[in-house]
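[1] What follows is a predicted structure for the sequence shown.
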Amino acid sequence: MFNTSMSYTLREINNFYFLISKNKCGNGKWVYELNETGATIWRLCNQVKNMEELLQRLELVYNKKFNTYESKMIYLYISTMEKEGLLQRENK
């Protein structure tokens, strides 16, 4: 699955979620604002083994079964986080 970048730390400030760079920023972005789902995904990435488990955990958090469109949007969100260097694919 994915591991969260060690270069960023998640902070919640007044119900807003931010990934804040801990040190020199490699991609030129010091801060990312996440929505609640993004923050939940960030927290879960180091805990799950695969995408199916991530989706199952998110369904438990939000107490709903995701439809195909919602699942695709989660895949896209994770792909964007990976492209931005916020998540790294585990080497197996």
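    Arrived safely. Numbering: from 1, shown residues only.
[2] Now for Y17, how many residues are close by?
    Taking other Cβ atoms under 10 Å as the neighbour definition, Y17 ends up with a count of 19. Glycine gets a C-beta too; all of them are placed from N, C-alpha and C.
[3] E53 too?
    E53 sits with 13 neighbouring residues when counted by other Cβ under 10 Å.
[4] and it, what element?
    Under the criterion of DSSP states H and E, E53 resides in helix 51-62.
[5] in that helix, what counts as buried?
    Neighbour-count burial for helix 51-62 flags 54-55, 57-58 (criterion: 16 or more other Cβ atoms under 10 Å).
[6] Going by neighbour count, which residues in stretch 6-21 are buried?
    Of the residues in stretch 6-21, those buried under the neighbour-count criterion (16+ other Cβ under 10 Å) are 7-8, 10, 17-19, 21.
[7] Let me see the residues that make contact with it.
    22-23, 25-26, 29-36, 38-39, 42-43, 85-86 (Cβ atoms under 8 Å, 6 or more residues apart in numbering).
[8] swap in stretch 82-92?
    With Cβ under 8 Å, 6+ apart as the test, stretch 82-92 has contacts from 1-5, 7-8, 19, 26-27, 29, 32, 42, 45, 78, 81.
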